[in-house]
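Engineer: 3D, please:
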Amino acid sequence: MLLSQVDEHRETIVDITTLAQDDLVGYTASILNESPERVAVQVRAATPAVVSQYGETAAVAGALFYETNRPSPGFTADLARPAIGDQVSKDITWALAPLFAGQFDEASALMILDRLKGIAQTYVAEADRRTLLTASAADPLSRGIRRYATAGACTFCAYLSTMEAVTYESSEWHKHCNCVNVPSWEENPAPENPHEARWAQSAMDARAELIRLQHELKPDDMRWRNFYKARPDLTVTTKNILRLMRADLGLTH
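Structural biologist: Next comes the predicted model:
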């Protein structure tokens with residue numbers, strides 16, 4: 001598979017998610033002068049509708065991406081239904097919280113709109129990702145699905161793209177994430193990410209540095225459990241690895 005094909009698919013999903021964001025944010029902005037209760041009711045109805053409409057389009061794009069790159073014809077990818085459930089409802093509650101937090105001002109409105117943009121992007125893109133995962137699981141020729149991050153990916157995505165040889169339903173994706181799932185077959189493997197080796201080295205260096213600092217700074221008479229309580233910033237956790245990677249890679253997020 002060519003890198004240009006991955007980039008083209010990413011651009012397609014970005015275009016679809018952007019349309020979804022514009023629809024949801026434009027509608028919400030037009031009703032923010034109404035009472036908080038009326039706004040909440042209308043946004044709770046509009047958000048699933050937008051996610052469903054554009055999620056279906058994203059799922060079709062994912063299926064076409066899978067089928068056109070599969071080295072052997074005759075396989076039809078099932079479309080993943082956009083996720084409309086409890087988590088979407090919880091995210092909407094979080095997005096609308098500034099409506100009920102006291103004085104409502106322009107900053108509150110911008111916060112609500114930005115949060116709704118993240119929700120629209122997340123769940124529409126998820127339909128594409130889950131379509132690819134479902135197709136891979138049903139395809140006897142598949143060698144799995146990989147996360148493919150862009151050159152300008154955040155530290156979280158850079159780290160996860162080096163940690164996951166294959167993505168799963170449980171794989172994590174943050175809001176506003178433009179990483180895509182990429183299928184792979186023996187006869188048409190996913191392209192190598194030219195930045196992944198640098199990210200992987202940075203992750204290994206960060207882990208090694210945390211361990212080095214632990215041994216350097218822990219007093220001999222202190223138990224490890226007590227040391228970790230006193231210095232949580234030196235435990236080998238994703239948060240601390242990302243902090244060191246961020247500094248190493250010169251990233252701000």
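Engineer: ok, residue 122 - contacts?
Structural biologist: By CB atoms under 8 Å, 6 or more residues apart in numbering, the contact set of residue 122 is 91, 173, 175-177. Every residue, glycine included, has its C-beta placed from N, CA and C.
Engineer: residue 17: how many residues sit nearby?
Structural biologist: Residue 17 has 24 neighbours, counted by other CB atoms under 10 Å.
Engineer: give the next helix or strand downstream of the helix or strand encompassing it.
Structural biologist: Using DSSP states H and E, residue 17 sits within helix 3-31. For helix 3-31, the following helix or strand on the C-terminal side (DSSP H and E) is helix 36-69.
Engineer: against residue 228, how distant is residue 221?
Structural biologist: Distance, residue 221 to residue 228, using CB to CB, to the nearest Å: 15 Å.
Engineer: now do residue 235
Structural biologist: Distance from residue 235 to residue 228, by CB to CB: 5 Å.
Engineer: how about low-confidence regions in this protein?
Structural biologist: For the chain, the stretches with pLDDT under 70 are 165.
Engineer: returning to that earlier point: more neighbours, residue 221 and residue 228?
Structural biologist: Set residue 221 next to residue 228 and count neighbours by other CB under 10 Å: residue 228 wins out with 15 against 6.
Engineer: let me see the contact set for that one.
Structural biologist: Residue 228 makes contact with 234-235 under the criterion CB under 8 Å, 6+ apart.
Engineer: please redo it, this time with the cut-off set to 7 Å
Structural biologist: residue 235 (CB atoms under 7 Å, 6 or more residues apart in numbering).
Engineer: what about it, which SS state?
Structural biologist: Here residue 228 is recorded as helix under DSSP: H, G, I helix; E, B strand; the rest coil.
Engineer: same thing with residue 187?
Structural biologist: Secondary structure, three-state DSSP: residue 187 is coil.
Engineer: can you report how many residues lie near the nearest residue to it once chain neighbours are set aside?
Structural biologist: Distance criterion CB to CB, 6 or more residues apart in numbering; nearest residue to residue 187, sequence neighbours excluded, is residue 71 at 3.8 Å. Neighbour count for residue 71, taken as other CB under 10 Å: 11.
Engineer: can you pull out the strands in the stretch 51-200 of the chain?
Structural biologist: For the stretch 51-200 of the chain, the strands defined by DSSP state E, counting those that start in this stretch occupy 142-148, 180-185.
Engineer: show me what the longest one is packed against.
Structural biologist: Contacts defined by 3 or more CB pairs under 7 Å, 6 or more residues apart in numbering; DSSP states H and E place strand 142-148 against helix 106-138, strand 180-185.
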